[in-house]
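# Sequence first, predicted coordinates after that:
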Amino acid sequence: MNCPDFEGLIALDVEGDLSDLQSRAVSGHLRTCHSCREFAESLKVSQALLKELGQEPVDEQMLQEVRRRVRIGLASERQQRGFPVWRWALGAGLVAALTFAALILLHHPRGAATPVVADRSTPANPALPSAARKDEIRNPKIETRPTKSMQAAKEFSARTPKGVRLNPTLPAPSPAQATKGSQRMPSGKFSSGPLRASTDNQHPQPLTVKLITDNPHVVIYWLVD
Amino acid sequence: MESQDVALTMTGPAPEREDSRPESAQALERAIAGDRAAFDELLHCYERRVLMTAWRLLGSKEDAQDAAQEVFLRLYRHLQRVDPQRPLLPWLYRVTVNVCHDLHRKRRWDTAIPVEEVDPARLAVDPAGEMARADQKRMVAAALQTLTEKERAAVVLRDIQGLSTREVAGVLGSAEVTVRTRIWTARVKIKKFVERLERRRS
């Protein structure tokens, strides 16, 4: 071992951090090496100063300031424990949900369209390209599907000559009026039947609006009076 | 630091120190049970040590106050997870070292101030030539700031707070051999720093 190797050992030995064996080896070297002895003496001085740093009195004002800050911090912590942040978040969420529900109810006209959501098992357009699907989402395709009563009315109107009034509440047309049509039909046939279809606007037929959504399993129908 | 995570249960040796006193252990148990007066007792019992350690680690009284405040707030937050059967002081030392490390990171301080950047004139050296003891201590305090964070933590706990090398290793979560190396390196650096300042002054 030469002197640089002893440097660390001497630095530990001045505070008694070495084992007896190591300490004896250091003492032996110090007896023979003047520079290491000086090094050790100098270390003892700086170590004494270092230890004195720990014995310096702590200013009472500093301690009081720490206590004051800790108490303020503790008061804040206790307040947060009493009513933690998650409770605030939950409350705010509930208020937002209630407001949203109230807005929906206010803007929903009573007796207008009645949406009917139907589950469709087969996908609508499975091979539809993504761009087209996006377009479908933006501009939903609205199909009108005639109801049974509408179909019956259509067929009936096709069989009915022009100018014939189908409403049984109205007076039956005179034979002269009836001959104005392309084909003459017996008036009693139309006036006494249970048929309610009418070509005028007094009893409008319900209109079914079918809305195809992006979800192939969801189709929305509106039944409009 | 070896591990910056706050270890809530000390794995190192149980030090035989002032916090082994039965009254501080009782205060800890009462504080865990929710006794606010007991927490105040703990604060009074450990505030000096925490503040002094933080002061020497950070080199500034104001920062040390910030650190001490944070240490006790962390103690309060983690009271339920502190083992009352073990001494509290090593836990507090570890949290203090971690809090000081966090403050260093936040303020983007460099690990160590180069010796060349320390102006001996700023250390209020005695003009007569013979340095007063207070000035010498200031010089050593300045020397502490030239160490790396790890070296500083090791030497502050060992030489200023008086923990054994084994206890320091337990607090820092490092191997004893590693801590021993940091300690002797720090001691030699401090000695050389003081010598250089004296030479520059003369």
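Looks like it arrived, so ask away.

# now what about stretch A:5-24, what contacts it?
With contact meaning C-beta atoms under 8 Å, 6 or more residues apart in numbering or on different chains, stretch A:5-24 is reached by A:25-27, A:29-30, A:33, A:36, A:39-40, A:43-44, A:47, B:158-159, B:165, B:180-181, B:183-185, B:187-188, B:191. In this view, the C-beta of every residue, glycine as well, is placed from N, C-alpha and C.

# Mark which of those residues are part of helices, please.
A:25-27, A:29-30, A:36, A:39-40, A:43-44, A:47, B:165, B:180-181, B:183-185, B:187-188, B:191 (DSSP state H).

# I figured B:A186 was touching B:E149, is that so?
No. At 11.0 Å, B:A186 does not count as touching B:E149 under the criterion of C-beta atoms under 8 Å.

# Which one of those two is surrounded by more residues?
Neighbours were counted for B:A186 and for B:E149 using other C-beta atoms under 10 Å in any protein chain shown; B:A186 has more, 26 against 18.

# Please list the residues of chain A that sit near chain B.
A:7-9, A:11-12, A:14-15, A:17, A:39, A:42-43, A:45-47, A:49-54, A:56, A:58-59, A:62-63, A:65-67, A:69-70, A:73-74, A:77 (C-beta under 8 Å from any C-beta of the partner chain).

# Just the buried ones from these?
A:7-9, A:11-12, A:14-15, A:17, A:39, A:43, A:46-47, A:49-50, A:53, A:58, A:62-63, A:65-67, A:69-70, A:73-74 (16 or more other C-beta atoms under 10 Å in any protein chain shown).

# and the residue nearest the centre of chain B, what does it touch?
Among the residues of chain B, the one closest to the centroid is B:T53, at 3.1 Å (C-alpha atoms, centre = their mean). Contact analysis of B:T53 by C-beta under 8 Å, 6+ apart lists B:Y93, B:T96, B:V97, B:V156, B:L157, B:I160, B:Q161.

# hang on, A:T208 in a strand?
Yes. Checked against DSSP: H, G, I helix; E, B strand; the rest coil, A:T208 lies within a strand.

# Now do the domain split for the chain, please.
Reading this off chain A. A:3-55, A:64-107, A:112-162+A:195-225 (automatic domain parsing).

# try again with chain B
B:1-109, B:111-202.

# In ChimeraX, how would I select the buried members of the contacts of stretch A:5-24?
To isolate the buried members of the contacts of stretch A:5-24 in ChimeraX, using 16+ other C-beta under 10 Å:
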select /A:25,26,29,30,33,36,39,40,43,47 /B:158,159,165,180,181,183,184,185,187,188,191
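
# Least confident of the domains of chain A, on average?
Ranked by mean pLDDT, the domains of chain A bottom out at domain A:112-162+A:195-225, with a mean of 61.

# Format the domains of chain B as a markdown table; extra columns: distance to A:A97 and mean pLDDT.
Shown next, in a markdown table, are the domains of chain B (distance: least, C-beta to C-beta, whole Å; pLDDT from 0 to 100):
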| stretch | distance to A:A97 | mean pLDDT |
| --- | --- | --- |
| domain B:1-109 | 32 | 81 |
| domain B:111-202 | 48 | 82 |
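
# what would the ones you listed look like in CSV with distance to A:T99?
Below are the domains of chain B laid out as CSV (distance: least, C-beta to C-beta, whole Å):
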stretch, distance to A:T99
domain B:1-109, 35
domain B:111-202, 52
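
# mind checking which of the ones you listed is nearest A:L211?
domain B:1-109 (54.5 Å; C-beta to C-beta).

# how far does that closest one sit from the chain's center?
How far domain B:1-109 lies from its chain's middle: 11 Å, per C-alpha atoms, centre = their mean, to the nearest Å.
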